[in-house]
Each structure stands twice: as structure tokens, then as C-alpha cells.
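S.K.: Fold the following, please.
(one chain, ligands or ions: 3)
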Amino acid sequence: MGLVVQKYGGSSVADAEGIKRVAKRIVDAKKNGHQVVVVVSAMGDTTDELIDLAEQVSPIPAGREFDMLLTAGERISMALLAMAIKNLGHEAQSFTGSQAGVITDSVHNKARIIDVTPGRIRTALDEGNIAIVAGFQGVSQDKKDITTLGRGGSDTTAVALAAALDAEVCEIYTDVDGVFTADPRVVKKAKKIDWISFEDMLELAASGSKVLLHRCVEYARRYNIPIHVRSSFSGLQGTWVSNEPLSDAKDQKVEQAIISGVAHDTSEAKITVVGVPDKPGEAAAIFRAVADAEINIDMIVQNVSAAATGLTDISFTLPKAEGHKAIDALEKAKGAIGFDSLRYDDQIGKISLVGAGMKTNPGVTADFFKALSDAGVNIELISTSEIRISVVTRADDVNEAVRAVHTAFGLDSDSDEAVVYGGTGR
Ligand code: ADP
Ligand code: ASP
Ligand code: MG
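M.R.: Ligands and ions are numbered 1, 2, ... in the order given. I've put the predicted structure just below:
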């Protein structure tokens, strides 16, 4: 029996009962002969509540102190979980990200892990302890400041530790039974996926399926760490995410589906730069200004310029949380770039269809657009990759559109409805 890393999300440890239930599961894994490292998130919606609190004292909280505040959430749950395990008669020690050796760059609020040196975790395990690590946090290599990895970052902590400790598997425990063909909160007839490739999971995660964070899947693929996504509320097998089906899954004759699923995302906004001179260098100047503010953009569209004016509009999408920063950066560069005005729209949503089979099935795009038009959904932006098609629509249309596309591609299950065990979906 080898080493397992188990990560428990906020909904799994939302209250004292949840912490005690999770403690029992952890102890069972230990009794089965595993060395167990646990990564834990903040309880329930604690992180959101801390953010709300910070916004009451400062309009746009950011930086060092904001990270210091947010990491407190995970410290609470790690200590309580270690206490609950001790209460069951087993030894446990909790560690902050810094103590666990999670070393990051110094970009506050969305730091990247650059090294993991889990010496203290190894020692704790060798001494027979269960090690509990606070997710979503690390310490910067140069300034030794506390950093956070961005929302949902505990998934990344878990996979990074699994890689550094050479774990057999990284188990991600959450409030649904695995990865489904769509968000079970939106599509009651979503189907659980038994196995999904890293490639398709990466696209789903990048398109908004927050059951796994994109960066965590990237990390797992790089180090070839199999992930098992499952519920902490049921004993069911979940979804295996790996390069190819593992032996268990192979018995179930799992093969790659043409379409893996439908993802949606309402966390983005759209900025339109109006009246841009249609000449070389303009797009470069706009996106340089945005990039220099350390903002990642997603989709881009440039309209055909009006012949009479020689002016065009450029629209792009970005995380809502970065909206203010992007507008500020563009306003500052307005003189140099020479556009007329900026429009900001945060009432948009994105729907994506993902599947490796798309490469070889030419009708997929047409069927996707037909399903949207039959549902009366208007498309504002389109982008594609080899294995994904995404569209931007009005935010109000998103749920309806996801359900329509799910049905049109034959993904609806005809048996059990997908169960959501907890969480507020916040
Ligand atoms: P945790 O607190 O455990 O990290 P998250 O809220 O981050 O949990 O992720 C689990 C949630 O992800 C589910 O409750 C579900 O609403 C959402 N979700 C979105 N897309 C999917 C999908 N394709 N399959 C499963 N869950 C999904
Ligand atoms: N608590 C953090 C968040 O809510 C990190 C995590 O749960 O993964 O984003
Ligand atoms: Mg999560």
C-alpha cells in the first residue's frame, strides 16, 4: 500500500459534522495501510465571506494582506481536522502551505507553485502521522511572503504534493459523485463519466467546469499523476482522470467518448474597445496594455472596419474579477492607442462543447449552433480549438443553452438523476 493524497473541498468540511465525517474517511484510508496526506480547503463559503469582509474595508482588496487574510480560512479547517482525527485515536499533524514546502512565485492572489519541498510532511508520515496540509497557499521564494494560488487552488496544492511525494493517486473529494457530462446543478440528467483523458479534462476545466481547476489538471498531466474525483458523501467510485484508463476502469471497457461534456462559465466579462484605427500595431498595443497589467484574456473578436471611417471595434473576454484593472490600464493607454471609448459588459456567459472526437466528426459545429438556435439563444462571440467549441451568449440564456446542447448531443442519462450532496454553488 502506497501513499495517497486526499483533498477535501469546502463543502465536504462545511461544519463540525462534516469535519468529523471526513476524519472517519481519512482514518479508514490509514487503517487500510496507506500513508495519508490530506489537503483541506476552507470550511463552506469561508473564503467568500473573508473576501466580502475585505471589500467592506477596502474597495478593491489585493496583494499581501489580502493573501494573509484568505489563508486563515484553510488554517481553521486544517487544525480542526487534525483534532477530529486525534479524537478517533490516530495521530495527525497540520501544516500551513509554507510549512509543507509549497514554494511559489511572488504574484499575490494568483501565485504559481515553483517548487515543493515536503521534508516536514515526509518526517510526519515516517513518524506514523496523518499529515494535514492547508490548501491554496504557499510562501514566495524571494520575499518569504504568504501567497495564495487563486480561487479553487487547493486542487493544485493536492496534485503538486502528490507529484512531490510520488503518490499512487490524488483523490479529490467534493460534493458530487465525479465529473459529469455537465454541471449537475444545471443539468439534472447529466451523466457521471467513469474515465476522462487529461486532454479533455483540461478543456472542460479551462471552460469553467470548476469541479477540477485547470492548473491542477495541467500539473497532473505534466507529472502523470492519476486523479480520482469522487464524493466525500457517498462510497461510490468517481471519475478517473489520467492518460489512459487504469486497470479498474479498463474492466468497464471505458473508451474515449466523441463528446465528453458541456461546460459553462458566467465568471467572465466582455470589454469592447470602440473606434480603433484599422492599421497595423493597434491590436498589439491594446493587448500589450492588458498583458502588462498581468491580466489573462480569453476570447477575442475584431469586427470588420467601416469603410467610411477606417475604424473598427475589438472585443475580448476576461475574468470579471480583473475588469476594473483592465479598464484602468486601457484608459491610461488611450492617448497612445487612439480609440474612441470602452464598453464593459458583465452580463455574459460562455458555453463550451468539449470532446476529442470533434477532430474527426465534421458535423459537430453545425449541430452545436443548431441546438442553440432551436433554443432561441443568440451567439455573440465564437472560439474554437481542435477539441472544443465555445460561444458567448447573454448570461440569462446560459442554463437553457447548456441543457439544450446536452440533449442535442445525446448526453442525457435515462436513469438516475445526478446527485448534489452539499455546497451552495457559490
Ligand atoms: P469543492 O468545494 O469540493 O472544491 P467545487 O464547488 O469547487 O467543490 O466543485 C464542485 C462543483 O463543481 C459541483 O458542485 C458542481 O456544481 C460543479 N461542476 C461544474 N461542472 C461540473 C461537472 N462537469 N461535473 C461535476 N461537477 C461540476
Ligand atoms: N478556499 C479557496 C477557495 O474557496 C481554495 C479552495 O477551496 O480550493 O477558492
Ligand atoms: Mg473546487
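
S.K.: tell me the contacts of the residue in the chain that ligand 3 sits nearest to?
M.R.: Among the residues of the chain, G152 lies closest to ligand 3, at 4.2 Å counting by Cβ to the ion. The C-beta positions use only the backbone N, C-alpha and C, and glycine is treated the same way. Listed by Cβ atoms under 8 Å, 6 or more residues apart in numbering, the contact set of G152 reads 136, 210, 213.

S.K.: quick one: stretch 12-27 near ligand 2?
M.R.: No: Stretch 12-27 does not reach ligand 2 (Cβ under 6 Å from any ligand atom); its nearest approach is 9.9 Å.

S.K.: next one: stretch 307-321
M.R.: No: residues of stretch 307-321 are not located near ligand 2 by Cβ under 6 Å from any ligand atom, the shortest gap being 11.7 Å.

S.K.: what's the answer for stretch 120-135, then?
M.R.: Yes: Stretch 120-135 lies within reach of ligand 2 by Cβ under 6 Å from any ligand atom, at G135.

S.K.: start to end distance for that stretch?
M.R.: 16 Å (Cα to Cα, to the nearest Å).

S.K.: what's the average pLDDT for it?
M.R.: What stretch 120-135 shows for mean pLDDT is 98.

S.K.: what's next to that stretch, contact-wise?
M.R.: Under Cβ under 8 Å, 6+ apart, the answer for stretch 120-135 is 3, 7, 26-27, 30, 35-41, 71, 74-75, 77-78, 81-82, 85, 90-97, 99-102, 153-155, 157-158, 161, 165.

S.K.: Of those, keep whichever come out buried.
M.R.: 3, 7, 26-27, 30, 35-41, 71, 74-75, 77-78, 81-82, 85, 90, 92-97, 99-102, 153-155, 157-158, 161, 165 (16 or more other Cβ atoms under 10 Å).

S.K.: Chain neighbours aside, what residue packs nearest to I295?
M.R.: Setting aside the residues directly before and after it, I295 is nearest to E322 in space (Cβ to Cβ, 6 or more residues apart in numbering), at 4.6 Å.

S.K.: Which phi and psi values does the one you found adopt?
M.R.: Here is the backbone geometry of E322 (degrees, to the nearest 10): phi -100, psi 0.

S.K.: That one and F95, how far apart?
M.R.: 31 Å (Cβ to Cβ, to the nearest Å).

S.K.: just the strands in the stretch 251-400 of the chain please.
M.R.: Using DSSP state E, counting those that start in this stretch, the strands assigned to the stretch 251-400 of the chain run over residues 261-265, 268-277, 300-302, 311-319, 341-345, 348-354, 381-385, 388-394.

S.K.: which bits of the protein sit near ligand 1?
M.R.: 9-12, 41, 152, 174-176, 179-180, 182-185, 209-211, 261, 420, 423, 425.

S.K.: Counting neighbours, which of those end up buried?
M.R.: 9-12, 41, 152, 174-176, 179-180, 182-184, 209-211, 261, 420, 423.

S.K.: Give me the buried stretch members for stretch 39-59, please.
M.R.: For stretch 39-59, by 16+ other Cβ under 10 Å, it's 39-47, 50-51, 54.

S.K.: got it, and stretch 232-241?
M.R.: Applying 16+ other Cβ under 10 Å to stretch 232-241 flags 232-233, 238-241 as buried.

S.K.: in this protein, what residue is nearest ligand 1?
M.R.: G9 (1.8 Å; Cβ to the nearest ligand atom).

S.K.: residues contacting that residue?
M.R.: 41, 154, 172-175, 232, 423.

S.K.: for the protein, longest helix please?
M.R.: helix 63-87 (DSSP state H).
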